[in-house]
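Asker: Next comes the sequence, and after it the predicted model I'd like to discuss.
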Amino acid sequence: MRTDQAVGLVREGGPQRTTLLELFFDLAFVAALALISRTLAHNLDAGGVLHAVVHLMAIWWVWSVTALVTDLHHPQRPPIFVMTLWAMLGAILMAGALPTAFSSHAIVFAGAYVAIHVGRGIFLVSALSGRQARLHVGRFIFWFLVSAVPWLAGGLVSGTARGLLWAAGLAIDYGSAWLRYPTPRLGRVPMSQYRVAADHLAERYQQFFTLALGDLILVTVLTYADNDLTGGRTAALLAAFAATVLLWQIYVYRAGALLQAAIESSRDPGRFVRSSPYTHVLMVAGVVAAAAGFEIVIAHPTEHPTPWLVGVILGGPALFLAGRIRFEYEVFSRVSPSRLVGLLVLAVSAPAMVLVPALMAALAGTLVLAGIAVSDAIRAYGNPAEPPAPAL
């Protein structure tokens, strides 16, 4: 490892900031998230929801693993630079194939996913000279080769079998990471190797969540521009904007802004590194679902929603709150009651929303988020030790 540090491949301790290359890499995911939302909006049924889950979990895992790698290594160095561009190219191919990933372009989607992860490992093994660093990467390669089997097999079959095989591939990828990549003859990744630079990793997750909110803005504005401008559609666009602001405000309040400090002060910073991908994917899923819901609401604001539409209109905020509750518990070991109340209100009100216009259902979800944001502001005002929701 000392050799890799000497040539500048492995990051050493100290403050680190996101590089322009990492921000450039993130651009590929703007298109991916928007396509997931729009594909879900155009296929809003049980199959469409399951497809969206697979799409999002695959796209998210590409970003999350790459973010961890660029946290451990200097992205400016040629091998890491090439590896990052490789992952970006693969993400673009996945995004391009995404709308038809469960039909005509399945092998492109699956092949790009496998190539990203296996290729990333090959780049790192060829670039790193330290034995421990190579062993660490070897664990990743082993498990991504294991998951490559159901991924590629799923790309060659059709129907339900494809979904089951891809779900198995995701289970291997997410499960092996949670178990710290237990590998024959190599064991698990030592907990010490999860002690990464808190400032950089926290910043990366904050940036991606903000990027996801950009999906909500992009999808709603495009939908608004594609339709005749009416009062109902304008009201729906304003509700979408308000929901975007509230999601951002609730995210950054305390836990979002203090994630860096929480990791740095924790006795077990590796716990945050291992769990943050799982909590953030829930919050990002909530934003993606909300974007799909608002797309339909803007196009048809006065029509009564189907149960599936109500599910994404209110389920989006609910998923976000579920992830945010877990996120807050990780940082502070407690949960704000307002978030639990918000989840309850969303669940209780859902059955009645099929009886009102879609715009009213969207406003109901937005009002729940507004109530939580107001509760946060009141708590901050009443407790000077807890500052108001900070801007990042």
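Answerer: Cool, got the structure.
Asker: how about His73, phi and psi?
Answerer: phi -130, psi 160 (degrees, to the nearest 10).
Asker: pull the CA atoms of the helix or strand containing Leu40 into CSV?
Answerer: In this assignment (DSSP states H and E), Leu40 forms part of helix 20-42. What follows is helix 20-42 as a C-alpha-only set of coordinates in CSV (Å, rounded to 0.1, in the frame of the first residue of the first chain):
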residue,chain,number,x,y,z
LEU,A,20,-14.4,17.9,-11.6
LEU,A,21,-14.0,14.4,-13.0
GLU,A,22,-16.4,13.0,-10.4
LEU,A,23,-18.9,15.7,-11.2
PHE,A,24,-18.5,15.0,-14.9
PHE,A,25,-19.1,11.3,-14.1
ASP,A,26,-22.4,12.2,-12.4
LEU,A,27,-23.8,13.7,-15.6
ALA,A,28,-24.5,10.2,-17.0
PHE,A,29,-26.9,9.6,-14.2
VAL,A,30,-29.0,12.7,-14.9
ALA,A,31,-30.2,10.9,-18.1
ALA,A,32,-30.6,7.6,-16.3
LEU,A,33,-32.8,8.8,-13.5
ALA,A,34,-35.0,10.9,-15.9
LEU,A,35,-35.5,7.8,-18.1
ILE,A,36,-36.4,5.6,-15.1
SER,A,37,-39.0,8.2,-14.1
ARG,A,38,-40.4,8.6,-17.6
THR,A,39,-40.5,4.9,-18.3
LEU,A,40,-42.3,4.3,-15.0
ALA,A,41,-44.8,7.0,-15.8
HIS,A,42,-45.6,5.4,-19.2
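Asker: Show me which positions of that helix end up buried.
Answerer: 21-22, 25-26, 28-29, 31-41 (16 or more other C-beta atoms under 10 Å). Quick note: C-beta positions are derived from backbone N, CA and C, even for glycine.
Asker: Remind me what that helix packs against, helices and strands.
Answerer: When contacts are defined as 3 or more C-beta pairs under 8 Å, 6 or more residues apart in numbering; DSSP states H and E, helix 20-42 packs onto helix 46-72, helix 78-97, helix 198-226, helix 269-299.
Asker: For these, could you give me a markdown table that also reports distance to Val335 and mean neighbour count?
Answerer: Formatted as a markdown table, these follow (distance: least, C-beta to C-beta, whole Å; neighbours: other C-beta atoms under 10 Å):
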| stretch | distance to Val335 | mean neighbour count |
| --- | --- | --- |
| helix 46-72 | 24 | 21 |
| helix 78-97 | 34 | 19 |
| helix 198-226 | 19 | 20 |
| helix 269-299 | 13 | 24 |
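Asker: can you list the ones you listed in a markdown table and add mean pLDDT and distance to Val245?
Answerer: Formatted as a markdown table, the helices and strands packed on helix 20-42 follow (pLDDT from 0 to 100; distance: least, C-beta to C-beta, whole Å):
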| stretch | mean pLDDT | distance to Val245 |
| --- | --- | --- |
| helix 46-72 | 93 | 23 |
| helix 78-97 | 93 | 26 |
| helix 198-226 | 90 | 9 |
| helix 269-299 | 89 | 12 |
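Asker: Among these, which comes closest to Arg17?
Answerer: helix 198-226 (7.0 Å; C-beta to C-beta).
Asker: Please name the nearest non-neighbouring residue to Gly121.
Answerer: Ile141 (3.7 Å; C-beta to C-beta, 6 or more residues apart in numbering).
Asker: I am finished for the moment; much appreciated.
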